[in-house]
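[1] 3D, please:
(2 chains)
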There are 2 protein chains.
Amino acid sequence: MQFIEIIGLVAAVCTTSAFVPQVLKTWRDKSTKDISLPMYCIFLCGTLLWLYYGLFHDSFPIVIANAVTSMLVCVMLFLKLKYK
Amino acid sequence: MQFIEIIGLVAAVCTTSAFVPQVLKTWRDKSTKDISLPMYCIFLCGTLLWLYYGLFHDSFPIVIANAVTSMLVCVMLFLKLKYK
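    From the prediction side, this is the model:
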């Protein structure tokens, strides 16, 4: 695998896994006052569109990164609405 | 421009602009207790790597989306550290 493709893979892992500490913090603290609901709604629209884009182009990295991110963002939306 | 490329463009605009409402909310409320610092550190690593990836591949959409997102994430990091 080319070096630049490894960079792309690491970038995808970072921008996907970044949501894990936020989900864990929110799950633990049960507080979402400072978290923007519009941010996660707009972000979810983006990741779902990227998912469609990746499926269309048969690009496994784009599909897997955005599928996982979409799930994490859905959990954040659930927690935001639950602990509003 | 092909329909699927428009989808990609809208996806990029969403996942970039999504941070604007969070920055505005944090700027206004001056409170970041519920926001995860590790999330924004990891996310910034990801967007900077995507920026490098986009520059390498001469891909304007990837460069512009991740340059703007990196700036917004830097503002969030500044606000998080300021209003810790």
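
[2] how many other residues sit next to residue A:23?
    For residue A:23, the count of nearby residues is 18 (other CB atoms under 10 Å in any protein chain shown). C-beta here means a position set from N, CA and C on the backbone, and glycine is covered the same way.

[3] residue contacts, the residue nearest the centre of chain A?
    Centroid-nearest residue in chain A: residue A:69, 2.4 Å away (criterion: CA atoms, centre = their mean). Going by CB atoms under 8 Å, 6 or more residues apart in numbering or on different chains, residue A:69 touches A:15, A:16, A:19, A:47.

[4] do residue A:54 as well
    A:60, A:61, A:62, A:63, A:65, A:66.

[5] residue A:60: neighbour count?
    10.

[6] residue A:2 too?
    Neighbour tally, residue A:2, other CB under 10 Å: 8.

[7] show me which of the contacts of residue A:54 are buried.
    Buried subset of the contacts of residue A:54 (neighbour count, 16 or more other CB atoms under 10 Å in any protein chain shown): A:62, A:63, A:65, A:66.
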